[in-house]
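*Asks:* quick one, what's the 3D model for this:
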Amino acid sequence: MNKIYMFEKNDYIKQKVIIVAAILKFKNQEQVKNEINELNYLAQTLGAKVIKIFVQNIKNKNPRTFIGKGKIEEIKKFIILKKIKIAIFNENLSPSQLKNIEQLFKSKVVDRTKVILDIFYKRAKTSYAKTQIKLAQYKYYLSKLPKLWTHLEKQRGGIGFRGPGESEIETDRRNIRTSINKLTNKIKLIDKQMETQRKHRKHILRISLLGYTNVGKSTLMNVLSNANVYVENKFFSTVDTTVRKIKIRNKIFLVSDTVGFITNLPHQLRTSFKSTLYEMKESDLLIHLIDINKNSFIKDITCVENILLELCIKIGTNKKLIKVFNKIDKCNNLNTKKYFIYKKYGNKIIFVSAIKTHNIELLNQKICYLTAYSELILR
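*Replies:* Numbering: from 1, shown residues only. Presented below is the predicted three-dimensional model:
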């Protein structure tokens, strides 16, 4: 398949980029500000250099260019002046909008979904994760095909292939759908193998670490298991589910570090990663890790809870959840936030610093207490 459909590691490295965001009538300034900060961080994670951020209030999306003509002209002049290579839009753009904006800007234009997909593609290590991300990419490109059109591969002949009068784009669409079917079947096969592995682990208590991206899940995993899981202060430093065996007070647990969530996680990724997130469904205890140092941590909690609902994961007698607020060592107004959190969530919470190992023993006690019922069932 032609490389126009693949992420290249140097696509963003040291490239000068701008971010374009819109405050729509159903969004407030604070929400858009948080999304812009995330997108800025996402771009930096890919190695890009964000030069400027453009924001416009709009009542309705412009069907041709998403934002207004005046703002488009302002951005166009800036791109020419500063020799900007990439314009990243916070919102997802239609194929025609992508095409029209690129023609006006004379530079590469990508939307939020594309940036997240590129990060996942860059970070994936295992064959399973790479397969899931490729599937998500092909689904994304299929929806953008009118804009991304190019001949994907050499024309194949024979019965069932291109017929008289069939357009190049129809050939490309069929090629992508063929790839989607192959990847889907491959994932189904791996899922069956993983299901067999899970059945062999049913006698062991299982814990899943989940939460927003960059909240410290991998760091906590290292502390609990004394493992050497890759840790980096960037979004999606790992997109592979890591499973480690830990021992707390003579009890053996399997701990899974799942992929981090993010606002507006692309639908293509949610669908592809349901298999990976299935690990949470099988767990006896969910540890929802939260970055207390972030001002938007309540929104992060809501984002994670909504995804749990989407995955039909219910918290009850056999499956329990504990909210663990991390990075207390970095929080300046800790007492104020603690008071608010206790008032909102009660006392079924723990405050820790994974990197400083503060209150980890308290967390271990809570883990043993909350899994006692599940342990009796296993016996």
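*Asks:* other SSEs contacting the helix or strand where R177 lies?
*Replies:* Element membership of R177, judged by DSSP states H and E, is helix 168-200. Helices and strands touching helix 168-200, by 3 or more Cβ pairs under 8 Å, 6 or more residues apart in numbering; DSSP states H and E, are helix 127-143, helix 145-148, helix 274-281. To be clear about C-beta, it is placed using only N, CA and C from the backbone, and glycine gets the same treatment.
*Asks:* same thing but at 10 Å, please
*Replies:* Helix 168-200 sits against helix 127-143, helix 145-148, helix 267-272, helix 274-281, with contacts defined as 3 or more Cβ pairs under 10 Å, 6 or more residues apart in numbering; DSSP states H and E.
*Asks:* least confident of those helices, on average?
*Replies:* Of all the helices and strands packed on helix 168-200, the minimum mean pLDDT falls on helix 145-148 (a mean of 62).
*Asks:* neighbours of I72, just the number please.
*Replies:* Using other Cβ atoms under 10 Å, the number of residues around I72 comes to 21.
*Asks:* cool, Q31 as well?
*Replies:* Q31: 15 surrounding residues under other Cβ under 10 Å.
*Asks:* Q29 now?
*Replies:* Quick note: Q29 (other Cβ under 10 Å) scores 10 neighbours.
*Asks:* who are the contact partners of the closest residue to it other than its chain neighbours?
*Replies:* Spatially, and ignoring its direct neighbours in sequence, Q29 is nearest to I23 (6.1 Å; Cβ to Cβ, 6 or more residues apart in numbering). Residues near I23 by Cβ atoms under 10 Å, 6 or more residues apart in numbering: Q29, Q31, V32, K33, V55, Q56, N57, I58, N90.
*Asks:* return a ChimeraX selection command for the buried portion of those.
*Replies:* Remark: buried members of the contacts of I23, expressed as a ChimeraX selection using 16 or more other Cβ atoms under 10 Å:
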select :32,55,56,90
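*Asks:* need the max-distance pair from the contacts of I23.
*Replies:* Pairwise distances across the contacts of I23 (Cβ to Cβ) peak at 16.1 Å, for the pair K33 and I58.
*Asks:* so which helix or strand of this protein has the lowest pLDDT on average?
*Replies:* Lowest on mean pLDDT, DSSP states H and E among the helices and strands of the chain sits helix 372-378, with a mean of 59.
*Asks:* buried ones in stretch 106-114?
*Replies:* Neighbour-count burial for stretch 106-114 [16+ other Cβ under 10 Å]: S107, K108, V109, V110, D111, R112, T113, K114.
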